[in-house]
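Engineer: sequence plus predicted model, see below.
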Amino acid sequence: MHEVTIKNCNNIKNGTIRIEKNKLNIKYGINGTGKTTLSKAIFLAKDNDKLQSLRTYNAETPAELSVIPELSNVLIFDENFVNQVVFKEDKVIENTFEVFLKTPNYDEKKQQLDNHLLSLKKIMEDEQEIIELRDSLLKINDKFKRTSTGALSKTGTLKSLLSKQNIYNVPAELEDYRSFFSNTDINIPWIDWKNKGDTYDIADNCPYCSVRLDISKHTEKKEIFKKTYTKSDSQNLKEVLELLENLKTFIPEHKYVELTGYIRNDTPEDIVKTIMTKLTTEFDLLLSRFNAISEFGYKKIAIADISKLEQQISNMEFPIALFEIFGGEKIDNVFSIVNVNVATLKEEVSVLKREMGALKGIVQATISVSQNDINEFLKTAGINYELEILAEDETNSKTILKQCFGGEKTGVSNIRQHLSWGEKNAFSLILFMYYSQNQNPDLIILDDPISSFDSNKKFAIMHRMFKNIGKSDVSLVGKTVLLLTHDFEPITDFIVVGKLSSENATASFVWNENGVIQEKVIDSQKDVKLIVTECEEIAKNESINIVSRIAFLRKLCELNDCKNSWDNAYEILSCLIHGNDIKRKIANDVFIDMSEADKNDGILKITEYIRNFDYDNLKENTYIIAGIKALYAIERNAYLQVQLFRAICEIADENMLRFSPLDSGWYKFIDETYHIENDFLHYLDIRKFNIVPSYISDKVKEMMNKLSD
């Protein structure tokens, strides 16, 4: 059991609710109770800064929420989930593989394969020489641009290396500058400064020391410098040599000296281009083997084409004979470590194929079951679309949506634009169920998720989520779920009718009284009444005020279809409620006298429920302003108070009540909800649960106080 205490959040001053673990916790309450505030506060409890966004307006004390015992991972279905996780362009949901395919069975089989390949994985994780070599290769390889055919581009770094003179091969005319070129700390910024210095030349004076220059020699040297050196070329050359320095231990010394000599000295372009092409080819070959090792056994292997397994293994082997530049003891050790493990894999290829086949079979089966599950739901909910899961591997999987109109199935490119509001939110709830399965939260919050749907969608959604009627390992059954709702149907369906046992579901009524949120457990055997039963019990209950008893008895007449004696009783009670003499209504504002036989028959039916029923006495003494006000003054039940106000509206003069146009909203609530009651088959016992919003009760009290007798 989790105890949730909330303080100073929006319209909630304080309050406590309880959440039972591993159950569906239905919290039923009317609008304005603070259900959304409660759900947001629980979700934000661990982030105090965000929690303060719910702070009660003008309150001096901060917003607070505590949960005992703590919840470490709370997942909430709200508009953020709909906006951020689902329906991005042509993708139904982010992280398709994680949501739909990464099942416990998959994880188990994947672990078997991973264990089999453990030694190969550890090469890339633990061998320091391999890590060092790969990192250095990646850095230097990034320096060289490639053409669309994969050949070295003559732009960028290669262009810099093809230069005849460089910081290591200084032209004779610029020999005076050698000390600047050779200083590795300043040479590159100095070259940049030297080229920019022309801006400050004035006549034949040095811009730095103001001494007179030999202008002809200065101009000649300046032109040679500008043609020979740029910051970018010099920078590229310097960086390449520094990166090659990192690879020095993987290249024989004579090869290294020869290679750097080509770069430093005045070497013909074709030779430099040839040697750099050879060098980068060996880079590519080394990196391709490292990449093949990294991918193998991690992700892409999961749904790989098993027939190509031998080729995949061969792609990890180093062809030592092809390496002319790289060599020596250190890299030979790298080649040996990898090639020995590859040889072992080649010997075990049949075992690998069997393990991979099992893994691939699990993925394909999961795709099929998940697609069928969701598509059956969509069909049941009347959503004319189908989900399709496309999975090549763990890093390249997605879900798409197809519309199914006129027998054709076509892909949907902008899902948000195609789905209606109801379709989008109903579909999102089922996707959320799959998503939560992967997240494994301590608490799942559903804030009024189904109240706006039609009955068909409500049924489809709730039964798929909580009846475990789809994919057997994906549902919310047995999880700790908080369902906050003003819809009574989940209580009727799961608690009263018993489609979820008490081991799996519990329900309570929550209400907000002057800022204090409270809850009361709903006993399905005692607290939820059939409307017929409730009407009968209240009509017969002599401890309840007579006006309410009559209102419920008239409702009972309606529920019995106003036939025979029920019809006569209904006509008599309607006349009494309106403060009129007994007549029979035959049309709007058209009445005729009721026969004595019908009167007696109706009175007899009424007295079965209300003993000592005296029409004239009630009409003269109760169904008057003073009579109903007297009953209101001693009535403590909010529902019955509202019912008394509704009764007084039937007999009071319009001028006495003086409704303003702005009163139409709250009065409509009373007129439609408490005049002919509600049409649920079941509803909460109004004698025990305060189902009237406080603003309605307050308004009724205000109007009653204004009434004169």
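Structural biologist: Right, received. Where do you want to start? Predicted model only: the values in this text are computed from it and were never measured.
Engineer: name the helices or strands packed onto the longest helix seen in the chain?
Structural biologist: In the chain, taking DSSP state H as the definition, the longest helix is helix 349-380. If contacts are counted by 3 or more Cβ pairs under 8 Å, 6 or more residues apart in numbering; DSSP states H and E, helix 349-380 sits against helix 104-116, helix 309-314, strand 385-393, helix 421-439, helix 455-466. The C-beta positions use only the backbone N, C-alpha and C, and glycine is treated the same way.
Engineer: list the buried residues in that helix.
Structural biologist: 352, 355-356, 359-360, 362-363, 366-367, 369-371, 373-375, 377-378, 380 (16 or more other Cβ atoms under 10 Å).
Engineer: same question, stretch 124-132
Structural biologist: M124, E127, I130, E132.
Engineer: what does it contact?
Structural biologist: Applying Cβ atoms under 8 Å, 6 or more residues apart in numbering, the contact partners of stretch 124-132 are I123, R134, F290, I293, S294, K330, N333, V334, I337, V338.
Engineer: could these be laid out in CSV, adding neighbour count and pLDDT?
Structural biologist: Supplementary listing: the contacts of stretch 124-132 in CSV, determined by neighbours: other Cβ atoms under 10 Å; pLDDT from 0 to 100:
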residue, neighbour count, pLDDT
I123, 19, 77
R134, 20, 87
F290, 21, 86
I293, 23, 82
S294, 18, 78
K330, 15, 90
N333, 13, 90
V334, 22, 89
I337, 17, 87
V338, 22, 88
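Engineer: which members of those residues occur in helices, if any?
Structural biologist: Using DSSP H, the members of those that fall within helices are I123, R134, F290, I293, S294, K330, N333, V334, I337, V338.
Engineer: how about the contacts made by the last one?
Structural biologist: Counting by Cβ under 8 Å, 6+ apart, V338 makes contact with I123, I130, R289, I293, M316, E317, F318.
Engineer: may I ask which two of those are separated the most?
Structural biologist: By the measure Cβ to Cβ, I130 and E317 form the most distant pair in the contacts of V338, at 14.5 Å.
Engineer: D527: neighbour count?
Structural biologist: Using other Cβ atoms under 10 Å, D527 has 21 neighbouring residues.
Engineer: report pLDDT for the nearest residue to it once chain neighbours are set aside.
Structural biologist: Take D527 and drop its neighbours on the chain: the residue closest to it by Cβ to Cβ, 6 or more residues apart in numbering is D685, 5.2 Å away. On pLDDT, D685 comes in at 73.
Engineer: distance check, D685 against R18.
Structural biologist: 21 Å (Cβ to Cβ, to the nearest Å).
Engineer: between these two, which has more neighbouring residues?
Structural biologist: D685 (19 against 14).
Engineer: wait, isn't that one in contact with K529?
Structural biologist: Yes. Using Cβ atoms under 8 Å, D685 is in contact with K529, at 5.4 Å.
Engineer: what segments of the stretch 551-700 of the chain are helices?
Structural biologist: Taking DSSP state H, counting those that start in this stretch as the criterion, the stretch 551-700 of the chain contains helices spanning 565-577, 596-607, 615-617, 625-634, 638-651, 654-657, 664-674, 694-706.
Engineer: outside of the shortest one, which residues touch it?
Structural biologist: Meaning helix 615-617. Contact partners of helix 615-617, identified using Cβ under 8 Å, 6+ apart, comprise I572, L576, I582, I603.
Engineer: neighbour-wise, which of those residues leads?
Structural biologist: That'd be I572 among those, by other Cβ under 10 Å, with 26 neighbours.
Engineer: now do the same for the residue lying closest to it once chain neighbours are set aside: its pLDDT.
Structural biologist: Leaving aside its sequence neighbours, I572 sits nearest to G602 (Cβ to Cβ, 6+ apart; 4.5 Å). pLDDT, G602: 91.
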